[in-house]
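Undergrad: coords below, sequence missing:
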Ligand SMILES: Nc1ncnc2c1ncn2[C@@H]1O[C@H](COP(=O)(O)OP(=O)(O)OP(=O)(O)O)[C@@H](O)[C@H]1O
Ligand SMILES: [Mg+2]
């Protein structure tokens, strides 16, 4: 009955196909002990091709992991996508876990079937292992080659009604690829790559910072997230306008305001690896070039404390005439133009979905070339803690929710925080001192009071100095009518005082 050519509908076809595949698997496991493996494979593939030929309405796509010697992206996508569609009735699965994986991964094994529906079209996936005798089944779990060392080939077969060929090729397959990417992103373990003897050394990035935990003004946070989303969406746009698909951010502000935390939040949001480039340890353009070329797509390159990482202006002075454009090819010392050329030209043109982040405590000390429009796409100021930022931290650290019933100390804290006297890092430090919200907030209030007092004291000193200057200026004016010698003496005194 399975070999009838008179199949009335795709549904009944698939039912028949599923049963046939099930029978074939049953026959296979029964024959396992009795029939030599090559004969088993021969019978198995003959039955399958006989069955396929018998159904003129069906098209079967074969997807193996060989793309002219390279990995086949569709195979990898199918493997990942199908791992989330495994039927509860499955009887053969492959299980694996990498040393960085948090969870185990399940994949289809030999002969397993997955039924799928896309835009009301029924599809059937089957994972096939051919050849290689009765060696263990490799399964759809991460082999790179479709024919392994045992001569065994592994592939997926995707069957559907022929009339949907265009839909499947142009819409379903891209859908499977997108879904697989989403699944991989979700499972992805982020890595932080740091330099060790001029080589990248990866460790698992387990920074807990997310946009949710960041104490930032809501509007700024929204802007940053929207900018990242737009960047990720605009692959085609970058291609169309001939621009490298990269984005640069400059994060600046005092210590402890969350610049490094924001880098981690961005990485966690995008699921991008981070490459922490300590510029001071890279002395030559050739090393920089090598390191940048060794970074992967979908990653963030971060250069922290750009103002003190390397004395760029001095290095620029060392630059010889004619240097600059192709510094990447030379062996000379690292220059600012070398760095910028790498970022803007050579490096960015051979990478996709790249993000570059510079951080600094002193934007004013940066070379204007770095601040020029077009170099860094977004300048983000990370400032002192606002009351809104404090509320975010109080919710993170003390689980305090201000919407139902704000804590009694909130008005006091709001008043003391006015004008930006404390950094988020200092607030976080205070809030961590006690699990008891009252105690932690009382501690914060006394720290804020001390800081306010100091701030007021120093502003009084400034006011006093300003007052003295004013008085001196008045005296100078008065003396202007007096003797020129006396005036010169007075001016000298003033200059000494202010320098
Ligand atoms: N805006 C913020 N939101 C949430 N937590 C923050 C924020 N700023 C600082 N923190 C807390 O303070 C710690 C130190 O902050 P972080 O290292 O991100 O500051 P930074 O601006 O990079 O400082 P530096 O300029 O010294 O490198 C973080 O681990 C985090 O716990
Ligand atoms: Mg930092």
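TA: Yep, it's here. The shown structure was predicted, so the numbers you read here are calculated from the model rather than taken from an experiment. Ligands and ions are numbered 1, 2, ... in the order given.
Undergrad: before we move on, which element is residue 114 in?
TA: strand 113-118 (DSSP states H and E).
Undergrad: tell me which strands that strand pairs with, and in which orientation.
TA: Using DSSP bridges, strand 113-118 pairs in its sheet with strand 121-130 (antiparallel).
Undergrad: which SSE is immediately downstream of the strand it pairs with?
TA: strand 153-161.
Undergrad: what's the angle between that following strand and strand 113-118?
TA: Strand 153-161 and strand 113-118 meet at an angle of 40 degrees, taking axes from the mean of the first three to the mean of the last three CA atoms, to 10 degrees as the criterion.
Undergrad: contact residues of this protein facing ligand 2?
TA: 259, 260 (CB under 5 Å from the ion). Where C-beta positions appear, they are placed from N, C-alpha and C, glycine not excepted.
Undergrad: returning to that earlier point: list the buried residues in the strand holding residue 114.
TA: Buried residues in strand 113-118, counted by 16 or more other CB atoms under 10 Å: 113, 114, 116, 118.
Undergrad: tell me, which of these make contact with ligand 1?
TA: Checked against ligand 1 using CB under 6 Å from any ligand atom, the buried residues of strand 113-118 give no members in range.
Undergrad: any chance of the residues you listed in JSON lines, plus distance to residue 417 and pLDDT?
TA: Output for the buried residues of strand 113-118, formatted as JSON lines (distance: CB to CB, whole Å; pLDDT from 0 to 100):
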{"residue": "113", "distance to residue 417": "62", "pLDDT": "93"}
{"residue": "114", "distance to residue 417": "57", "pLDDT": "94"}
{"residue": "116", "distance to residue 417": "55", "pLDDT": "96"}
{"residue": "118", "distance to residue 417": "54", "pLDDT": "96"}
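Undergrad: show me the contacts for the closest residue to ligand 2 within the chain.
TA: Nearest residue of the chain to ligand 2 (CB to the ion) works out as residue 260 at 3.2 Å. Counting by CB atoms under 8 Å, 6 or more residues apart in numbering, residue 260 touches 304, 359.
Undergrad: check which residues of the helix or strand that contains it are buried.
TA: Per DSSP H and E, residue 260 falls inside helix 259-270. Under the neighbour-count criterion of 16+ other CB under 10 Å, helix 259-270 has 259, 260, 261, 262, 263, 264, 265, 266, 267, 268, 269, 270 buried.
Undergrad: what about ligand 1: which of those residues touch it?
TA: 259, 260, 261.
Undergrad: touching, residue 288 and residue 281? I think so.
TA: No: in this structure, residue 288 is not within contact of residue 281 by CB atoms under 8 Å, at 10.6 Å.
Undergrad: comparing those two, which residue is more hemmed in?
TA: Higher neighbour count among residue 288 and residue 281: residue 288, with 22 against 13, using other CB atoms under 10 Å.
Undergrad: in terms of helices and strands, where is the more buried one?
TA: With DSSP H and E as the test, residue 288 turns up in helix 285-293.
Undergrad: got it, and residue 307?
TA: helix 306-309.
Undergrad: and if you look at residue 448?
TA: Secondary structure (DSSP H and E) places residue 448 in helix 437-480.
Undergrad: average pLDDT across the helix or strand hosting residue 219?
TA: Assigned by DSSP H and E, residue 219 belongs to helix 218-233. Helix 218-233 carries an average pLDDT of 95.
Undergrad: and residue 434, how far is that from residue 441?
TA: 9 Å (CB to CB, to the nearest Å).
Undergrad: same check on residue 57?
TA: For residue 57, the distance to residue 441 - CB to CB - is 72 Å.
Undergrad: again, but for residue 203
TA: 36 Å.
Undergrad: what about those two, which has more around it?
TA: Under the criterion of other CB under 10 Å, the comparison of residue 203 against residue 441 puts residue 441 first, with 22 against 9.
Undergrad: what's the nearest residue to the more buried one if we skip its chain neighbours?
TA: residue 409 (4.6 Å; CB to CB, 6 or more residues apart in numbering).
Undergrad: for the one you found, what are its contacts?
TA: With CB under 8 Å, 6+ apart, residue 409 has these contacts: 438, 441, 442, 444, 445.
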